[in-house]
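Undergrad: only geometry, no sequence info:
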């Protein structure tokens, strides 16, 4: 498909933080294809397979993890980008990388690190993702980090919009390699962000129903869901309930994707370059007002009925305690850190505490549980509720 005039152009990329010797280049790839491949081959991405999406350390194999969620976001993002004539490889790379900064146990782990790091600048998973990709994961001989393109880093920093007051991690990275935090990002980054919303709104419903935390009758109090369920029942009246529910999820995703496409096409009329997208002063890759209202209703329902479900809150508190205890142990005795992390630990604050937080943030749920048991002599209990 022909690239739209407002799409990112890999041939016109603003480059990378560190110059690279391209002798013996590995394959005929564009700059954004290189970004995507560096994400796919990274240790940070591999660890997402064992990090919480909704349910902490689930016993079942069918629940989503951060990795499977990121793959689903990438599928949705690619479809939207391709239809709009955007740079599909950049969109895919942003979707795959958007959750890399999440610590073990998702938001429960983030809360624990935020509390532990309160005196040292705090913790933010989005900035941590950039920190991991720009400084911590360093497989190359001649520079730190994965050395991703400016467009990739900008999209990760601002996929939710301009950042008026960056925390310490993002501020440091932006000082080293300015990302124009006061502007909106590329349309590819905006699409990656809304693809994330579409994926988790619907797939969390799927997992919540599977786990028994959500009930169909309660879901049908949401007008958008009820309307789609009536369509499913009319089309497939004799299908098994589990297949009907999966059809419901697919149908809702399709409607949301089509809504984004139609609304975005209207918003970008007259846009002649990626620079105009950034200078528009507002997000252009969005839902229509009606779909935005429906999507907010879904989110509110999910917070009320799933994310803040009493059983979820109990498991989250136990997970938060695991991360808090790990931080306290490493702070008191740095010899408990992995050996390669002991060597990089600064002697002074705040660098010392930030290094400890980096180590914990990279852990999978499983590794965090194992390390807590190793340090304290007791396996943490009650972390899984499905």
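TA: Received the coordinates, thanks. Every value quoted in this text rests on a predicted model; they were computed, and no experiment measured them. Numbering: from 1, shown residues only.
Undergrad: Surely residue 126 and residue 100 touch.
TA: No. Assessed by Cβ atoms under 8 Å, residue 126 is found out of contact with residue 100, at 9.7 Å. (Glycine included, C-beta is placed from N, CA and C.)
Undergrad: Looking at these two, which is more packed in?
TA: Legend: neighbour count by other Cβ atoms under 10 Å for residue 126 and residue 100, higher for residue 100 (27 against 22).
Undergrad: Could you verify that that one is part of a helix?
TA: No. Residue 100 sits outside any helix when classified using DSSP: H, G, I helix; E, B strand; the rest coil, being coil.
Undergrad: Name all residues that make contact with it.
TA: 39, 42, 44-45, 48, 129, 132-133 (Cβ atoms under 8 Å, 6 or more residues apart in numbering).
Undergrad: one more time with 10 Å, if that's ok
TA: With contact set as Cβ atoms under 10 Å, 6 or more residues apart in numbering, residue 100 has these partners: 39, 42, 44-45, 47-48, 51, 66, 70, 125-126, 128-133, 137, 156, 361-362.
Undergrad: Just give me the neighbour total for residue 256.
TA: Per other Cβ under 10 Å, the neighbour tally for residue 256 reads 25.
Undergrad: meant to ask about residue 120
TA: Residue 120: 16 surrounding residues under other Cβ under 10 Å.
Undergrad: and it, what does it touch?
TA: Neighbouring residues of residue 120 by Cβ under 10 Å, 6+ apart: 168, 349-354, 356-357.
Undergrad: how close does it sit to residue 165?
TA: Note on residue 120: its distance to residue 165, by Cβ to Cβ, to the nearest Å, is 17 Å.
Undergrad: about what we covered before: quickly list what's touching both of residue 126 and residue 100.
TA: With Cβ under 10 Å, 6+ apart as the test, residue 126 and residue 100 both reach residue 156.
Undergrad: circling back: is there a quick PyMOL command that grabs whichever of the contacts of residue 100 are buried?
TA: This is the PyMOL syntax for the buried subset of the contacts of residue 100, where burial follows 16 or more other Cβ atoms under 10 Å:
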select buried, resi 39+42+44+45+47+48+51+66+70+125+126+128+129+130+131+132+133+137+156+361+362
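Undergrad: Now residue 16. Its backbone dihedrals?
TA: Per-residue torsions, residue 16: phi -130, psi 160 (degrees, to the nearest 10).
Undergrad: okay, the contacts of residue 120 in a markdown table with pLDDT next?
TA: As requested, these are exported to a markdown table (pLDDT from 0 to 100):
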| residue | pLDDT |
| --- | --- |
| 168 | 98 |
| 349 | 97 |
| 350 | 98 |
| 351 | 98 |
| 352 | 98 |
| 353 | 98 |
| 354 | 98 |
| 356 | 98 |
| 357 | 98 |
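Undergrad: one step back: now, the contacts of residue 100 that are in helices?
TA: 39, 44-45, 47, 66, 70, 125-126, 128-131, 156, 361 (DSSP state H).
Undergrad: just these now: which is nearest residue 116?
TA: Residue 116 has its nearest neighbour among the ones in helices among the contacts of residue 100 in residue 361, at 11.1 Å by Cβ to Cβ.
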